[in-house]
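Engineer: Please work out how this folds:
(one chain, ligands or ions: 2)
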Amino acid sequence: MIEVRDLRFHYTGSEFALHIDHLAVQSGEAVAMVGPSGSGKTTLLNLIAGVVLSDTGKIRVGKQQVDAMSDAARRSFRISGIGMVFQNFELLEYLPVVDNILLPLRIGAGLKVTDGARRRAAELAQYVGIGDKLQRYPAQLSQGERQRVAVSRALLLQPPLVLADEPTGNLDPSNKGLVLELLLDYVRTSGATLVTVTHDRELLSSFQRVLDFRDINQWRETAL
Ligand code: ADP
Ligand code: MG
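Structural biologist: Ligands and ions are numbered 1, 2, ... in the order given. Purely as a prediction, here's the structure:
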């Protein structure tokens with residue numbers, strides 16, 4: 001589902017560098033990514049999703065060559081092909097919860113909000129325990145509730161790939177389990193692929209594979 005080859009990336013004016021020789025994630029796999037803060041986990045998710053572009057190298061997601069697409073093509077591929085849970089949630093403060101969950105349909109070209117989508121949004125919210133908060137605004141939610149809005153949004157369009165950046169980071173133990181189960185259940189039943197960054201060591205046994213960023217990122221060798 002994901003194949004990364006000879007990837008190199010740096011931020012302008014920053015010493016940080018990412019260098020990945022080869023990384024492959026198979027369709028249907030549930031993979032956890034771990035590694036120290038600042039090691040580039042969020043950056044890699046953004047590269048896979050085409051939010052940022054690599055300096056060199058190839059990134060394939062499904063049949064799409066992410067590095068070779070136009071900005072517009074990458075954007076629509078991202079909206080309908082990838083469910084992203086951002087580390088900072090990216091909720092729109094002026095929209096109530098239900099419309100934040102429905103956001104992919106509101107911003108995707110040629111997509112529209114249907115009754116079925118509203119039902120799915122409500123079901124997802126119900127599952128993660130915020131079903132009674134659909135009309136609230138993000139400012140009226142706790143961090144953990146905001147997190148669960150972000151996870152519900154990522155699954156709305158039943159994407160073939162879910163990229164989740166510390167989706168359990170702000171949750172108490174019971175909600176951690178709930179959110180993780182929702183994500184894992186989703187990939188089990190749909191055959192979708194999941195890549196999750198996490199610092200929760202106790203959750204790692206639920207994944208088929210754990211990728212340690214210290215082993216993936218070759219930047220230290222390159223820097224010598
Ligand atoms: P992680 O998610 O593993 O904590 P990140 O991918 O967020 O790491 O960041 C990797 C490194 O890149 C860090 O040193 C961070 O400070 C730097 N960085 C992240 N975003 C930017 C940016 N927009 N501009 C410059 N440097 C950045
Ligand atoms: Mg991060």
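Engineer: Okay, the closest residue to ligand 2 within the chain and residue 16: tell me how far apart.
Structural biologist: Residue of the chain nearest ligand 2, by Cβ to the ion: residue 42 (3.2 Å). (Each C-beta comes from the backbone N, C-alpha and C, glycine too.) Remark: distance between residue 42 and residue 16 (Cβ to Cβ, to the nearest Å) = 11 Å.
Engineer: do the same with residue 66
Structural biologist: Here the criterion is Cβ to Cβ. By it, residue 66 lies 20 Å from residue 16.
Engineer: Now do the buried residues in the longest helix anywhere in the chain.
Structural biologist: The longest helix of the chain (DSSP state H) is helix 173-190. Of all the residues in helix 173-190, those buried under the rule 16 or more other Cβ atoms under 10 Å are 175, 176, 178, 179, 180, 182, 183, 184, 186, 187.
Engineer: what's it packed up against?
Structural biologist: Contact partners of helix 173-190 among helices and strands, from 3 or more Cβ pairs under 8 Å, 6 or more residues apart in numbering; DSSP states H and E: strand 30-34, helix 115-127, helix 143-155, strand 161-165, strand 193-197.
Engineer: and residue 104, which of these is closest to it?
Structural biologist: helix 143-155 (6.7 Å; Cβ to Cβ).
Engineer: Now do the closest one: distance to the chain's middle.
Structural biologist: Here the centre of helix 143-155 is set off from its chain's centre by 11 Å, with Cα atoms, centre = their mean, to the nearest Å.
Engineer: For that helix, buried residues please.
Structural biologist: Those would be 144, 145, 146, 147, 148, 149, 150, 151, 152, 153, 154, 155, for helix 143-155 by 16+ other Cβ under 10 Å.
Engineer: Rebuild these as JSON lines, extending it with pLDDT and distance to residue 11.
Structural biologist: What follows is those, written out as JSON lines (pLDDT from 0 to 100; distance: Cβ to Cβ, whole Å):
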{"residue": "144", "pLDDT": "90", "distance to residue 11": "30"}
{"residue": "145", "pLDDT": "93", "distance to residue 11": "32"}
{"residue": "146", "pLDDT": "94", "distance to residue 11": "26"}
{"residue": "147", "pLDDT": "92", "distance to residue 11": "26"}
{"residue": "148", "pLDDT": "94", "distance to residue 11": "30"}
{"residue": "149", "pLDDT": "96", "distance to residue 11": "29"}
{"residue": "150", "pLDDT": "95", "distance to residue 11": "24"}
{"residue": "151", "pLDDT": "95", "distance to residue 11": "27"}
{"residue": "152", "pLDDT": "96", "distance to residue 11": "31"}
{"residue": "153", "pLDDT": "97", "distance to residue 11": "27"}
{"residue": "154", "pLDDT": "96", "distance to residue 11": "25"}
{"residue": "155", "pLDDT": "96", "distance to residue 11": "30"}
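Engineer: Contact residues of the chain facing ligand 2?
Structural biologist: The interface of the chain toward ligand 2, taken as Cβ under 5 Å from the ion, is made up of 41, 42, 87.
Engineer: Keep the residues you listed, but drop any that are not near ligand 1.
Structural biologist: Near ligand 1, judged by Cβ under 6 Å from any ligand atom, the entries from these are 41, 42.
Engineer: Show me the residues of the chain next to ligand 2 that map onto helices.
Structural biologist: 41, 42.
Engineer: By neighbours, which of the residues of the chain next to ligand 2 wins?
Structural biologist: Among these, residue 41 has the most neighbours (other Cβ atoms under 10 Å), with 25 neighbours.
Engineer: helices and strands of the protein: which one has the lowest mean pLDDT?
Structural biologist: When the helices and strands of the chain are scored by mean pLDDT, DSSP states H and E, helix 219-223 comes last with a mean of 53.
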